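**Student:** need coordinates for the below:
(3 chains)
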Amino acid sequence: MSPLAKLLEAALFASARPIPTAELGALSPETERGALLAALDELREHYDVSGHGVELADAGGGWQILTRPEYTEAIERAQLAARPQRLSAASLETLAIIAYRQPIGRAEIEEIRGVSVSSMLKSLAERGLVDVVGRGEGLGRPLLYGTTELFLEQFALRHLDELPRADELAIALRPQLKTA
Amino acid sequence: MSPLAKLLEAALFASARPIPTAELGALSPETERGALLAALDELREHYDVSGHGVELADAGGGWQILTRPEYTEAIERAQLAARPQRLSAASLETLAIIAYRQPIGRAEIEEIRGVSVSSMLKSLAERGLVDVVGRGEGLGRPLLYGTTELFLEQFALRHLDELPRADELAIALRPQLKTA
Amino acid sequence: MHSAALEDVPGTFVVELTAFSGPLDLLLALIRDEEVDIYDIPVARIAEQFLARVNELELDEAADYLEMAARLLRIKAQMLLPRNSDDETWEDPRAELVRRLLEYQQMREVVDVLERLGEGRRNRFARAYLPDQPVPVASSAPLSLSLSMLMSAVDRVLRVAHRPAIHDVVPRALDVDGAMLTVRALLALRSSARWRDVVAADAEPWQVLSALLAILELARSGELTVFQPGPFAPVEINSVAAGQAA
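**Tutor:** Numbering: from 1, shown residues only, chains lettered A, B, ... in the order given. Model prediction:
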């Protein structure tokens, strides 16, 4: 591997969270962005071609080395690492609404889901998946929530716009209901 | 690399601590110790020969993958430049007290927190989050602290009275909010 | 998910209501099971089944389900009102419900996407062991701060004994003198106490506040000292007399 690819590998190994391209650039300030991306490609290819237990991923606002899924079961069985708990359907619903409608207040989420969500918002915030991003207009200036970088990372997304657009979903909202 | 070497790489990468040889054996119970050590050798050699930014080390207590020392300086330098800083929990607590009780003197903050806060006040002031806003009555006419415009900006607030109220915090104690 | 479970067990119709994430989820399942047109819901029949299901099992969020049941019954009543067949202004009372159901269904589709993506990521581990990570300290670096971080700091500072359900707190007169007597009595017995000893876990806000003010007052007059051994550690309340004797 090239010296730059090795430096990038070392830096990525030294971090538990994704590192944005710009931050990787700070490792070698004289390197141009094109060369940096080429070195990242080189590293990814090395992992894929020469057969490694890890791979290079691009999600959550940056680059990150992750283990390959085929080893997960053996690692968990040997109790060397544990997968995080699966999110409940209710949590995923709340996350989906926040991801698409952010910034969004609690009342609006409850209107869509039809259930109270305050304790769920708290636990999603504690898990670092959503955060308060501001305050709304209107009565009481409600807290507004949005998704975090960790949300992108945990759902293997580079940007929010990688989620299907509303009009790409199978069920499109019909503008007008026919009246019987 | 052999499948076993790849599995070892993934496990060493995912583990929160160095792993002793015996525990690595649990990854593949049917593998004999000799074959396990051979696979570890294979992984070490792969890192050394094909040129990687990391190396395999057995620093007593277990096996671990470490960043090669020649890259640590560049990584530290880059982190210094780019990583956004987080305030310590103690600084945040002090900031919270000032935000809700301003104008407030050092002694009063220390009474609430139970520890000395002078160095913390200094660093909060250096960061521009709090400032001296006046002098109190009483002995020695103590300096009184309050939050700054930058503080509002950091939390995307327009006015201090937009700070969440007690009921939003699920806290029963209502803060004595006095806007200057 | 639950539809698969239903198909596995033909004939039986026992559904765990906790398998539903809310009233709209349950409603959608009924519409699917009954194979009715979402744009032409037979409200009377669906409302009946909805109520039957809600009554079958106890629910965590019963209030949310009951509210939906009431809404269905209201729509059912509206549907029964006689109307002129060529009334242009008549609006289908089900329209709002259908809009919400479609919106909810659309969101469920996103949930499936998130579930798939999340599962893919869950099967990959990130680096966990980071030896000798340098902790850079530079006051010039940008700050990462959020309102929720400040809020949890407030939470920690106030160390409230309990988290009440959101309701209006009736202001009560503080009893600082009473709390001071309690603290003095406690310290006479134990010479050292913790916040938890002074304030019961289910204390009212006014009691918490009274105790806090009492401790601060006694600390100021020198009867006790307040000491926190480390961040987040419980605050120790020590009698000064006992400290001198020791």
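
**Student:** next, the buried residues of the helix ranked longest in chain C.
**Tutor:** Secondary structure of chain C per DSSP state H: the longest helix is helix C:95-122. Buried residues in helix C:95-122, counted by 16 or more other CB atoms under 10 Å in any protein chain shown: C:95, C:97-98, C:100-111, C:113-115, C:117-118, C:121-122. Using the backbone N, CA and C atoms, a C-beta is placed for each residue, glycine as well.

**Student:** so which elements touch the helix or strand hosting A:Glu45?
**Tutor:** Here A:Glu45, judged by DSSP states H and E, is contained in helix A:33-49. In terms of contacts (3 or more CB pairs under 8 Å, 6 or more residues apart in numbering or on different chains; DSSP states H and E), helix A:33-49 is packed against helix A:3-13, helix A:21-25, strand A:54-59.

**Student:** now the angle between helix A:33-49 and the first one, please.
**Tutor:** Which is helix A:3-13. 70 degrees (axes from the mean of the first three to the mean of the last three CA atoms, to 10 degrees).

**Student:** so what touches helix A:3-13?
**Tutor:** Helix A:3-13 is contacted from outside by A:1, A:19, A:24, A:27-28, A:31, A:35-36, A:39-40, A:42-43, A:46, A:56, A:63-65, B:13, B:51-54, B:65, B:67-68, B:71-72, B:74-75, B:78, C:127, using CB atoms under 8 Å, 6 or more residues apart in numbering or on different chains.

**Student:** please redo it, this time with the cut-off set to 7 Å
**Tutor:** Outside helix A:3-13, the residues that touch it by CB atoms under 7 Å, 6 or more residues apart in numbering or on different chains are A:19, A:24, A:27-28, A:31, A:35, A:39-40, A:42-43, A:63-65, B:51-54, B:65, B:67-68, B:71, B:74-75, B:78, C:127.

**Student:** just the buried subset of those, please.
**Tutor:** Buried among the contacts of helix A:3-13 by 16+ other CB under 10 Å: A:19, A:24, A:27-28, A:39-40, A:42-43, A:63-65, B:52-54, B:65, B:67-68, B:71, B:74-75, B:78, C:127.

**Student:** how close does A:Asp167 get to chain C?
**Tutor:** Going from A:Asp167 to chain C by CB to the nearest CB, to the nearest Å gives 10 Å.

**Student:** with A:Leu24 instead?
**Tutor:** 15 Å.

**Student:** what does A:Tyr47 give?
**Tutor:** Distance, A:Tyr47 to chain C, using CB to the nearest CB: 13 Å.

**Student:** that residue: what's it in contact with?
**Tutor:** Contacts here follow CB under 7 Å, 6+ apart; on that basis A:Tyr47 touches A:54-56.

**Student:** of those, which are in range of chain B?
**Tutor:** With the criterion set as CB under 7 Å from any CB of the partner chain, the members of these near chain B are A:Val54.

**Student:** of the contacts of A:Tyr47, closest to chain C?
**Tutor:** In terms of CB to the nearest CB, no member of the contacts of A:Tyr47 lies closer to chain C than A:Glu55, at 8.0 Å.

**Student:** okay, now that closest one: neighbour count?
**Tutor:** 17 (other CB atoms under 10 Å in any protein chain shown).

**Student:** ok, now C:Tyr39?
**Tutor:** 15.

**Student:** any low-confidence regions in chain A?
**Tutor:** Counting by pLDDT under 70, chain A shows low-confidence ranges at A:170-180.

**Student:** so which residue is smack in the middle of it?
**Tutor:** Closest residue to the average C-alpha location of chain A: A:Leu152 at 1.1 Å, with CA atoms, centre = their mean.

**Student:** that older thread, and the contacts of A:Tyr47 as TSV, adding distance to chain C?
**Tutor:** Shown next, in TSV, are the contacts of A:Tyr47 (distance: CB to the nearest CB, whole Å):
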residue	distance to chain C
A:Val54	9
A:Glu55	8
A:Leu56	11
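
**Student:** immediately after the lowest-mean-pLDDT helix or strand in chain C, which helix or strand?
**Tutor:** Taking mean pLDDT, DSSP states H and E as the measure, chain C has helix C:2-8 as its least confident helix or strand, at a mean of 41. Using DSSP H and E, the helix or strand that follows helix C:2-8 in sequence is helix C:23-33.

**Student:** for that next one, buried residues please.
**Tutor:** Within helix C:23-33, the residues scored as buried using 16+ other CB under 10 Å are C:23-31.

**Student:** could you check whether that helix is close to chain A?
**Tutor:** Yes. Residues of helix C:23-33 contacting chain A under CB under 7 Å from any CB: C:23-24.

**Student:** what does chain A put close to chain B?
**Tutor:** Residues of chain A lying near chain B by CB under 7 Å from any CB: A:1, A:6-7, A:9-11, A:13-14, A:23, A:26-27, A:50-54, A:67-68, A:71, A:74-75, A:78, A:80-81, A:134-135, A:141, A:143.

**Student:** 8 Å - rerun?
**Tutor:** Contact residues (CB under 8 Å from any CB of the partner chain) of chain A with chain B: A:1, A:5-11, A:13-14, A:22-24, A:26-28, A:46, A:50-54, A:65, A:67-68, A:71, A:74-75, A:77-81, A:122, A:133-135, A:141, A:143.

**Student:** what ranges do the helices span in the chain?
**Tutor:** All of this refers to chain A. A:3-13, A:21-25, A:33-49, A:72-77, A:89-101, A:106-113, A:118-126, A:149-154.

**Student:** you answered for a different chain; I wanted chain C.
**Tutor:** Taking DSSP H, the helices of chain C run over residues C:2-8, C:23-33, C:43-56, C:62-80, C:95-122, C:147-158, C:176-190, C:195-198, C:205-220, C:240-245.

**Student:** can I see the domain layout of chain A?
**Tutor:** A:3-77, A:89-168 (automatic domain parsing).

**Student:** and stretch A:80-98, end to end?
**Tutor:** In stretch A:80-98, first residue to last residue: 34 Å (CA to CA, to the nearest Å).

**Student:** identify the residues contacting the nearest residue to the residue nearest to the centre of chain A once chain neighbours are set aside.
**Tutor:** Spatially, and ignoring its direct neighbours in sequence, A:Leu152 is nearest to A:Gly60 (4.3 Å; CB to CB, 6 or more residues apart in numbering or on different chains). Counting by CB under 8 Å, 6+ apart, A:Gly60 touches A:17-18, A:149-150, A:152-154, A:156-158.

**Student:** repeat the analysis, applying 6 Å as the threshold.
**Tutor:** Contacts were defined as CB atoms under 6 Å, 6 or more residues apart in numbering or on different chains; by that measure A:Gly60 touches A:18, A:149, A:152-153.

**Student:** what's the closest of those to A:Leu163?
**Tutor:** Nearest to A:Leu163 out of the contacts of A:Gly60 is A:Leu152 (CB to CB; 10.0 Å).
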